[in-house]
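Participant: Attaching a predicted model along with its sequence, questions to come.
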Amino acid sequence: MVAGLISTCLVMLGVTGFFDATRFIEGAPAIAQLAGEMVPPDFARWRHWIKPLADTLAMSIAGTALAVLLSLPLALAAAHNTTPHPLLYQTARTLLAAFRSVPEIILGILFVAAVGFGALPGVLALALHSTGMVGKFYAEAIEHVDPRPLEAARAAGATRFQVITHAVLPQVFPQLADITIYRWENHFRASAVLGIVGAGGIGFELMAALRLIKYDEVAAILLTILACVVVVDATGAALRRKLK
């Protein structure tokens, strides 16, 4: 099996041109020239990046919150031990698959066309795509809970809602929190990309610098995004430790 996986990976690398040394050799001078134009980074406009960075952070938090609100009921319907009906189970699973099948960048373009430029289309794109991802992870976590507390709650006469709130959610809360924090970290990085298509955030400034061929400013923006990502990841790690 391992040999088969390695062979498949090598074949796919070959199909995509990874082993074409000529392309790398021919592209080396262009890469060197681009790297030279990016050094030293130009932070002269750093004050203009503060609001876009704040918008990016706001988009990531708002998108995560909206995704959680949409994902939890869909996850309960998509888990075999909490869904009220097999038809609802299949419908919820299909919806989650549909949401995560469309990339955020495509959703961003669609929502920019629908509601205009700014942070709102970015939030909607992040929330809709992440609903598919978060809902699937939530459903998987719910399906793996210990069934004995559920059976005990039902035997005591608890309603379906009481079974979920008293027997299911207390068991999966640490996992749900971990998934949510991970998606928030991912949303911050995705928010920077969504700005390129006009969905607000620091990505808009990045795209403007690229269009003006100001690669030194591009380098500065990328370094700024990297610093923010490191802070967001550290905050996420601290939150996970706190919740555990």
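Facilitator: Received, thanks.
Participant: got any ranges where the protein has weak pLDDT?
Facilitator: 244 (pLDDT under 70).
Participant: What are the boundaries of the helices in it?
Facilitator: Per DSSP state H, the chain carries helices over the ranges 2-15, 21-38, 50-78, 86-101, 104-115, 119-143, 147-155, 160-163, 169-194, 202-211, 215-243.
Participant: Out of these, which one sits most buried?
Facilitator: helix 119-143 (a mean of 23; mean count of other C-beta atoms under 10 Å). C-beta here means a position set from N, CA and C on the backbone, and glycine is covered the same way.
Participant: Show me what it packs onto, helices and strands only.
Facilitator: The criterion is 3 or more C-beta pairs under 8 Å, 6 or more residues apart in numbering; DSSP states H and E, and the helices and strands that helix 119-143 contacts are helix 50-78, helix 86-101, helix 104-115, helix 169-194.
Participant: for these, which one sits closest to Ala155?
Facilitator: Nearest to Ala155, of all the helices and strands packed on helix 119-143, is helix 169-194, at 17.2 Å by C-beta to C-beta.
Participant: helices or strands up against the closest one?
Facilitator: Counting contacts by 3+ C-beta pairs under 8 Å, 6+ apart, helix 169-194 is packed against helix 50-78, helix 104-115, helix 119-143, helix 202-211, helix 215-243.
Participant: angle of that helix against helix 119-143?
Facilitator: Angular relation of helix 169-194 and helix 119-143 on a 0 to 180 degree scale: 150 degrees, by axes from the mean of the first three to the mean of the last three C-alpha atoms, to 10 degrees.
Participant: Give me the angle between helix 169-194 and helix 104-115.
Facilitator: 80 degrees.
Participant: Quick one: the helices and strands packed on helix 169-194 as JSON lines, columns for distance to Ala192 too.
Facilitator: Formatted as JSON lines, the helices and strands packed on helix 169-194 follow (distance: least, C-beta to C-beta, whole Å):
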{"stretch": "helix 50-78", "distance to Ala192": "6"}
{"stretch": "helix 104-115", "distance to Ala192": "11"}
{"stretch": "helix 119-143", "distance to Ala192": "10"}
{"stretch": "helix 202-211", "distance to Ala192": "5"}
{"stretch": "helix 215-243", "distance to Ala192": "5"}
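Participant: how about those helices, which one is nearest Ala92?
Facilitator: Across the helices and strands packed on helix 169-194, closest to Ala92 is helix 50-78 (C-beta to C-beta), at 3.8 Å.
Participant: now Met59: how far from Lys214?
Facilitator: 24 Å (C-beta to C-beta, to the nearest Å).
Participant: Mind exporting the C-alpha coordinates of stretch 50-67 to CSV?
Facilitator: Provided in CSV are the C-alpha atoms of stretch 50-67 (Å, rounded to 0.1, in the frame of the first residue of the first chain):
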residue,chain,number,x,y,z
ILE,A,50,-4.2,49.4,9.7
LYS,A,51,-7.9,49.6,8.8
PRO,A,52,-7.7,46.9,6.1
LEU,A,53,-6.0,44.6,8.7
ALA,A,54,-8.8,45.4,11.2
ASP,A,55,-11.3,44.6,8.4
THR,A,56,-9.6,41.3,7.8
LEU,A,57,-9.7,40.4,11.5
ALA,A,58,-13.4,41.5,11.7
MET,A,59,-14.2,39.4,8.6
SER,A,60,-12.5,36.3,10.1
ILE,A,61,-14.4,36.6,13.4
ALA,A,62,-17.8,37.4,11.8
GLY,A,63,-17.4,34.7,9.2
THR,A,64,-16.6,32.1,11.9
ALA,A,65,-19.5,33.2,14.1
LEU,A,66,-21.9,33.0,11.2
ALA,A,67,-20.5,29.6,10.2
